[in-house]
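Q: Can you look at this prediction? I've put the sequence above it.
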Amino acid sequence: MTRWGVRWRRWSRARRIAVVLLIIVAILLTPVAAAAVFLRLQDAGTLRGDARTRGHDAVWLGHAWVDGRKSEADIAQLGILLAGTGIKDLYVHTGPLDNDGTLSPQLYPQARWFLEAVHRTLPGIRVQAWLGDVLTPEFDGLNTDDPGTRDHVVTTSSQVLDLGFDGIHFDFEPVRSGSGGYITILDRVRSVTSARPALLSVSAPVIDPLPGLHSLGVALFDHGKWWSQAYFAEVARRVDQIAVMSYDTAMPTRALYGGYVAQQTSLALQVTPPGTDLLMGLPAFRAENAAHHGAAETVAAALRGVRLGLGRTAHDRRTFGVALYVDFAATQQDWADYRQDWAQCAAAAAR
C-alpha cells in the first residue's frame, strides 16, 4: 500500500467523505469556471468605430397601439422617440393567436388607425403584425404539427396583411430545435408575404453555446431554450428578418452577459444569409429571477456584446441591426444607451 493509501485509511470516515465531496464539487465547477472565463474573454476587446447602426433596427411595441388605448398624441411622441435612430421596423403586438391558429378581430380594433397614422406621419417606418402563442408539447398551446392549425395560421396571416401591415412577425415559444411543423408554417406564410409583397420575420431563441445543448435541455428539463446553429440557419433562410431574443440568459454579471451576447452575435452571423436581416435583441425591460438578472442584462451591456461580435465576425455586413424589447418597459436610460452606444456611436468616435 502506498503512503497516501495508508494516510487515507488513517483518516476518519467523516474526513474521507468531506474530501470526496470536495473533489466532486471541484469536478462539477470546473466546466462552469471554464465557461465563465471564456465569456469574460468574449467581453474583452476594443470596439470598432464602424460597429454601429446600419438603419435596420427594430422595436417591439405592446398591444396598446392596436386596441384603442393610444392616441394621435402618442403617435407624435413615438415619432420623437424614433427620430435620428436606425429603427426601421415596428413589431406591434396584434395577437395572441388562439391555440387553433385563428385570431379574433376584437383584439385589434384600432389596427387600421395605427397603420394609417404611422404611414402618414412616420415615412419610411414599416409596421409588422407581431403574432404568437405558446406551443405544445411544453404548454397547452398551439401545435405546429397539426395541419389544420397550420392552415389557420396561414389564413390569419393573410387576413392581417389585408389590414395594411407591412409584414408578419412570428413569436412562437418555445419552438424546439428541428421542428418540421414550424418550418412548414414559415414556408407557407412566406408564399403569402412574397405575393403581396410583404415581410416575414421571426423572433428566435439563442443558439447552442455548446454543440448539442438544445438536446440536453429537452432531455433534462423538457424545455427547448436553444436552437442548434444548423436549425437557426434553416429558419434564417426562410425569412426576411430574424431577431434573436438574446436575453433571459441567467448571466449574473454585466461582463458575462456581454460576453454571452458577443458569442451569440458571432454564432448567428456565421449562418445568417446576407439577404436576411439579422437583429440582436436588447433587454429594455426589468425582471429579477433565475433566468434574468436586471443589473447584468442591460441595454448597454448587450450593445457592447453586439458590437464586439459584429466587429470580430462581419464588421462590413449591412443587413444587421438590433431590436429593443419592449416599448412599454423601456426607460429613458435604455433609449439613451441605444442612441449613444449604437445609433450615434460613429459620431462619438469621430469627436
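A: Yep, that arrived.

Q: going forward, measure contacts and count neighbours with C-alpha atoms only.
A: Noted.

Q: Ala83 - how many residues pack around it?
A: 11 (other C-alpha atoms under 10 Å).

Q: Could you point out the helix or strand that follows the longest strand along the chain?
A: Assignment by DSSP state E gives strand 126-134 as the longest strand of the chain. Downstream of strand 126-134, the first helix or strand assigned by DSSP states H and E is helix 147-161.

Q: now for that next one, which elements pack on it?
A: Judged by 3 or more C-alpha pairs under 8 Å, 6 or more residues apart in numbering; DSSP states H and E, helix 147-161 is in contact with strand 167-173, helix 180-195.

Q: Can you lay out these as JSON lines showing distance to Val154, mean neighbour count and mean pLDDT?
A: Shown next, in JSON lines, are the helices and strands packed on helix 147-161 (distance: least, C-alpha to C-alpha, whole Å; neighbours: other C-alpha atoms under 10 Å; pLDDT from 0 to 100):
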{"stretch": "strand 167-173", "distance to Val154": "11", "mean neighbour count": "24", "mean pLDDT": "98"}
{"stretch": "helix 180-195", "distance to Val154": "6", "mean neighbour count": "17", "mean pLDDT": "98"}
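
Q: Ala204: which of these is closest?
A: strand 167-173 (7.6 Å; C-alpha to C-alpha).

Q: okay, the angle between that closest one and helix 180-195?
A: Angle, strand 167-173 to helix 180-195, by axes from the mean of the first three to the mean of the last three C-alpha atoms, to 10 degrees: 170 degrees.

Q: Please save the CA atoms from strand 167-173 in CSV.
A: Provided in CSV are the C-alpha atoms of strand 167-173 (Å, rounded to 0.1, in the frame of the first residue of the first chain):
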residue,chain,number,x,y,z
GLY,A,167,-45.3,42.3,-42.7
ILE,A,168,-45.8,39.4,-40.3
HIS,A,169,-43.6,38.9,-37.2
PHE,A,170,-44.0,35.4,-35.6
ASP,A,171,-43.1,34.8,-31.9
PHE,A,172,-43.9,31.2,-31.1
GLU,A,173,-42.4,29.9,-27.9
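
Q: Can you list the helices and strands that that strand packs against?
A: Contacts defined by 3+ C-alpha pairs under 8 Å, 6+ apart place strand 167-173 against strand 126-134, helix 147-161, strand 199-204.

Q: Give me the contacts around stretch 84-94.
A: 53-63, 65-66, 107-108, 124-131, 169, 339, 343-344 (C-alpha atoms under 8 Å, 6 or more residues apart in numbering).

Q: mind listing what the residue nearest to the spatial centre of the chain touches?
A: Centroid-nearest residue in the chain: Met245, 1.2 Å away (criterion: C-alpha atoms, centre = their mean). Residues counted as contacts of Met245 (C-alpha under 8 Å, 6+ apart) are 203-206, 280-282.

Q: Give me the neighbour count for Asp316.
A: The tally of other residues near Asp316 (other C-alpha under 10 Å) stands at 12.
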